[in-house]
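[1] fold the following, please.
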Amino acid sequence: MQMIQKLSWLLVFSLSVLSFPLVGQNIDLDHFEALAPRSIGPAGMSGRVTTIDVVNAQPNRIYIGTASGGVWYSGSGGIKWEPVFEDAPLQSIGALAINQNNPDEIWVGTGEGNPRNSHNSGAGIFKSIDGGKNWKRMGLEHTRTIHRIIIHRDNPEVVYAAALGSAWGPNPERGVFRTEDGGETWEKVLFVNDYTGCADLVVDPSNPNKLIAAMWEFGRKPWFFNSGGEGSGLYVSFDGGDSWEERTSEDGLPKGDLGRMGLAIAPSKPSIVYALIEAKKNGFYKSTDGGFKWKLVSTEDIGNRPFYYADIFADPQNENRIFNLWSYLSKSEDGGKTFELFGRGTHPDHHAFWVHPDNPAYMIEGNDGGLNISHDGGDTWRFVQTLPLAQFYHISVDMDIPYNIAGGMQDNGSWVGPSSVWEYGGIQNTDWQEVYFGDGFDVVFRPDNNRYVYAMSQGGNVSYIDRETGKSRFVKPVHPEGEELRFNWNAAIAQNPFHDCGIYFGSQYVHKSMDCGLTWAIISPDLTTNDSTRQRQFESGGLTIDDTRAENFTTILAIAPSPVDEDVIWVGTDDGHLQLTRDGGKSWTELSSRLPGARPGSWIPYIEVSQSNAGEAFVIVNDYRRNDWRPMAYHTTDFGATFERIADEDQVEGHALSIVQDPDAPNLLWLGTDYGLYFSLNGGGDWQQWDQGFPATPVRDLKIHPRDKDLIIGTFGRSAWVLDDTRPMQEVASTEGGVLQDTFRTFPVPDAYLANYKSYEGSHFPADGEFSGKNRSPYARITVWQKPAEEEAEEEKEKTDKQEAEADTQEQGRKLGKKAQIVVLNMAGDTIRRFSEKLKPGMNRFTWDLRTEGVRFPSRRAAKPDSDPPRGHQVLPGEYKLVISSGDFADSTKVEVHADPRLDVDLADLGAEHAAYEVFYEMVEEAEEAFTRLQEAQKTIKRVNEALVHAPDSTLKAIKEQGKVLRDSITQLEELYMLPEDFKGIRRSTGLLNSTLYGVYSYLEGVQGALSPMGRMKLDQAKAQVREVTGRIDRFFVSDFAAYRKTVEAVPFSLFKE
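    Here you go, the predicted model:
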């Protein structure tokens, strides 16, 4: 939808450096549109929604911001959604505000305002003036987190932004910022210190110059976080931010250090202001004089995690009704004295809320699991099932056909779903199966039986699960001597490549099981620093203890066993150790000092091992949790004796998260960062962002399917994606881009399947209310490269379709066409199918549907001269040759076609089916030829009447009358095939020949076996009917039409009138 103004992204800031085009790798991805990844969901378990705003005058127009999935828009009241921030350089959203006087003007602040351990940071504030179609960055790039935006009621050039700043360290770009020129320049109008940001900002609806700000001192470290400090405080401005007054304990606020605060001004009575305040004793406070004096009204049932939930909202028409968002939705009807829960059945952990100012019964709330809408004041809610916002930590794949994808989501459990489905309706939410709840992380398929998986939740909980029955066995390791094991929030697990029931699991030790988790052996010493000063997670939280295991530290993050050598295992820890054993765990070598540019203590969350060289590995390092945002990826080929840094801020934006090497083209690397997906064609020498059909969302995990060669992308904010069939990219990398210099090229075709499609699961006609992930055809997927003209310029791209169709590229006197002609041959060399597909410069993808060339059924509509022959029946399993041509250029490839693996197919039965098809086609051709004779006879009679226009009147009249009788006879014969041409209405035409022929087709189609007795009977009946109808037509031409011809030919006439 968008064409984000690219120039606005060229602001150079310390977060990143955009430096494209690259000298060593400069691919125009506009020519790779055909290779855009597919979004496959799920959306039934969605993800964290952080901010909501609605056009008050058009309440069906809803905009939401998400933790790491961008901005989404619905113009249908929440039924149908589309992402509208796709071309932005990042997708973490903290604030969104609509100018209600001009709702096409929208402001977005990036960096979510809920600074949990999985927090995603931002890079400034953005503005759209066309309802979200285009966006421009308006500064504040270094604020990292913007949690509130306020647009001045009377002057939209004045905008306030509440910036929390970096969650992971001090920075001066925090506090309250103001622009008075629509974002061209900004002034910091409220600042306390480099550790204190603005957690909330509200404006008096009766006085746009009165602002109340909640300043919050907060800081995270990888092993600890602290909420509260001297910097926290409540401030009021009466002059639009020029000056501020702090409210203190003398005004009724709590004594001592304060933490996070949530604020709400009652729109119906702005003198009433509410504050949810974290302090030594958390409390709900109320002011009745506009924020001058405060009074504690409640300390019970007001929330449990102030750092994560602190947003409150006042009903727009009832100053005593307050909505409080925390683990649950709660509301007060008495000004905050008491609270009761509501919104039962919604996902817990609530962060965003909107209520219509004129109709408070209409409300929308966002939580860690997605979005809910109510039209009755919160009594009932509708969950939006069409937002694929899942935050996957890890993904894995099995070897089913089609294969499955599994992974765990932040706050939303562990799931298994299909990469594609052989059923109508695409990939639906119901195709995804939840196998384990809790915060989900890795899910590992048992290699020899994917019915069983290992799935995890936070803090090292792991179970062995039967997906078919749901039976679960808890298999978390226990230290034999009772020592406390330290497991990361996102603990490491890995399948043993050499043993189906072998599994590795990480605490501070590497645990190994050879019996699917029934028993464990420790095969390493403590591989971390075991720094006891950083093992204080039980004290974490500051003013409010928050020990959820999110800050567990000195733990193992990654285990990567080599598939080449069983004794080689690589391990990464959260406190900076990179460990390697080459003897199955007997001895270990710590290698982190050999990582150039990596600070000691950096996280090592991801290790990719070579599929062919035990000494080769790729190591991801990130240190953003200590405010170092550089992307770092390393490569070794000598067991870590030396490492080369292959990703840095000169070419890659966002800290690195994941990496995968293509096993068939080792120089092809894919890199996931906090700002999207990158690829390298030369082993990491150069990088380029893959922005073709894929947003700049965090990419936490990457896999290449060993059979299908798909790239599976686990995003942290936009669910799962699949880039189908990377073989073209393998060739591009293997030839160092040389293949792109070919004028015309066909790439290897993946194996194809004669798949039967199931009918819809769930609703057959879901309209727009259900998610449908983009599916992939099981048939022959053909990829063709047609080299773009080197002289192609921007104005060339703007040609109309007609002009493009006439503009052929020439090379050495030969021409490329705008259509591909595809010829399919069996292994005997017989042509069995011909069809065409449109071509455009660059990569093209289209499908052969595994069918032969068919026959044309009788029809009153003539075939278009340039139309493809009709398709026929499915081919037999086997190998086929595909010859693809474009103008004067041609190339060929082969495809292996398999039977549906779910069926027990007998080749002899398939042969019998094909023989029946041949008999059927002969019948159809016979019937069609006879019908065509009738149509030609009609045309002949018309031509005779036109030719005899100057014949004597008596002669002309007699011949016309004879012709009319014939036309009536022809019409009657045509109606043996089909209903009259001028028929209106509905009539079952079961007795007509076409109906009979289609009935036979129904018995033949999709059988993939011998024709049934009923099908054989129908075929015989059709034969008899064809003989009867064509016989009548033959007799018509032998008698009636022959007599007519004799009469016409006997008439002497001239074309010239006397």
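[2] what about residue 1025, distance to residue 978?
    Applying Cβ to Cβ, to the nearest Å, the value for residue 1025 to residue 978 is 13 Å. No exception for glycine: its C-beta is placed from N, CA and C like everyone else's.
[3] so what sits against both of the two?
    Listed as contacting both residue 1025 and residue 978 by Cβ atoms under 8 Å, 6 or more residues apart in numbering are residue 993.
[4] list the contacts of residue 483.
    So residue 483 contacts nothing (Cβ under 8 Å, 6+ apart).
[5] mind running it again at 10 Å?
    Contacts for residue 483 (Cβ atoms under 10 Å, 6 or more residues apart in numbering) come out as 507-509, 522, 526.
[6] residue 641 too?
    So, once contact is read as Cβ under 10 Å, 6+ apart, residue 641 ends up touching 589, 591, 594, 615.
[7] widest-spaced pair of the residues you listed?
    594 and 615 (13.6 Å; Cβ to Cβ).
[8] comparing the two, which residue is more hemmed in?
    residue 615 (18 against 15; other Cβ atoms under 10 Å).
[9] dump the residue contacts of the nearest residue to the more buried one once chain neighbours are set aside.
    Distances taken as Cβ to Cβ, 6 or more residues apart in numbering put residue 639 closest to residue 615, at 4.2 Å, once the chain neighbours are dropped. Contact partners of residue 639, counting by Cβ under 10 Å, 6+ apart, are 562, 568, 570, 580, 582, 589, 591, 613-617.
[10] and with 8 Å instead?
    By Cβ under 8 Å, 6+ apart, the neighbours of residue 639 are 568, 580, 582, 614-615.
[11] check residue 249 too.
    Neighbouring residues of residue 249 by Cβ under 8 Å, 6+ apart: 255-256.
[12] for it, what are phi and psi?
    Main-chain torsions, residue 249, degrees, to the nearest 10: phi -60, psi -20.
[13] who's the closest residue to residue 52 other than its chain neighbours bridged to?
    Closest residue to residue 52 apart from its sequence neighbours, by Cβ to Cβ, 6+ apart: residue 354 at 4.2 Å. Per DSSP bridges, the residues bridged to residue 354 are residue 364.
[14] ok, residue 354 to residue 270 distance?
    On the measure of Cβ to Cβ, residue 354 and residue 270 end up 19 Å apart.
[15] sec struct for the residue nearest to residue 615, please.
    The assignment at residue 639 comes out as coil when based on DSSP: H, G, I helix; E, B strand; the rest coil.
[16] residue 518 versus the spatially closest residue to residue 751 that is not a sequence neighbour, what's the distance?
    Nearest non-adjacent residue to residue 751, counting by Cβ to Cβ, 6+ apart: residue 896, 4.9 Å away. According to Cβ to Cβ, residue 896 stands 41 Å off from residue 518.
[17] likewise for residue 573?
    27 Å.
[18] just residue 912 next, same as before
    For residue 912, the distance to residue 518 - Cβ to Cβ - is 51 Å.
[19] neighbour count winner among those two?
    residue 912 (15 against 11).
[20] what's the spacing between the helix or strand where that one lies and its chain's center?
    Assessed by DSSP states H and E, residue 912 sits inside helix 907-947. From the chain centre to the centre of helix 907-947 is a distance of 47 Å (Cα atoms, centre = their mean, to the nearest Å).
[21] C-terminal to that helix, what's the next element?
    Assigned by DSSP H and E, the successor of helix 907-947 is helix 953-974.
[22] neighbours around the residue nearest to residue 1016 when sequence neighbours are not counted, how many?
    Spatial nearest neighbour of residue 1016, excluding adjacent residues (Cβ to Cβ, 6+ apart): residue 916 at 7.8 Å. By the measure other Cβ under 10 Å, the count of residues near residue 916 is 20.
[23] need the contact list for residue 916.
    Residue 916 is in contact with 1004, 1011, 1015-1016, 1019, counting by Cβ under 8 Å, 6+ apart.
[24] could you pull up the residues touching residue 37?
    Per Cβ under 8 Å, 6+ apart, neighbours of residue 37: 693-694, 711, 713, 721-724.
[25] most neighbours among the residues you listed, which one?
    residue 713 (32 neighbours).
[26] SS state for it?
    Going by three-state DSSP: residue 713 is strand.
[27] can you start the count at 42 instead of 1 from here on
    Okay, residue one is now 42; in that scheme the one you just asked about reads as residue 754.
[28] the residue lying closest to it once chain neighbours are set aside bridge partners, please.
    In this structure, residue 754 finds its nearest non-sequential neighbour in residue 762, 4.2 Å apart by Cβ to Cβ, 6+ apart. Beta-bridge partners for residue 762, by DSSP bridges, are residue 80, residue 754.
[29] residue 762 contacts residue 81, doesn't it?
    Yes: between residue 762 and residue 81 there is a contact at 6.7 Å, judged by Cβ atoms under 8 Å.
[30] check contacts around the residue nearest to residue 969 when sequence neighbours are not counted.
    Using Cβ to Cβ, 6+ apart and skipping residues adjacent in sequence, the residue nearest residue 969 is residue 899, 4.9 Å away. Contacts for residue 899 were tallied using Cβ under 8 Å, 6+ apart; they are 965, 968-969, 972-973, 1018-1019, 1034-1035.
[31] show me which of these are buried.
    965, 968-969, 972, 1018-1019, 1034-1035 (16 or more other Cβ atoms under 10 Å).
[32] format those as CSV; extra columns: pLDDT and distance to residue 1087.
    Formatted as CSV, those follow (pLDDT from 0 to 100; distance: Cβ to Cβ, whole Å):
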residue, pLDDT, distance to residue 1087
965, 97, 32
968, 98, 28
969, 97, 28
972, 97, 24
1018, 96, 27
1019, 94, 30
1034, 96, 29
1035, 95, 32
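[33] farthest-apart pair in these, please.
    Pairwise over these, using Cβ to Cβ, the maximum falls at 965 and 1019, 13.8 Å.
[34] break this protein into its domains for me.
    As given by the TED database, the domain ranges for the chain are 110-362+373-382, 384-427, 429-517, 783-794+811-829+857-943, 948-1091.
[35] for the stretch 292-441 of the chain, give me the ranges with low pLDDT.
    Of all residues in the stretch 292-441 of the chain, none has pLDDT under 70.
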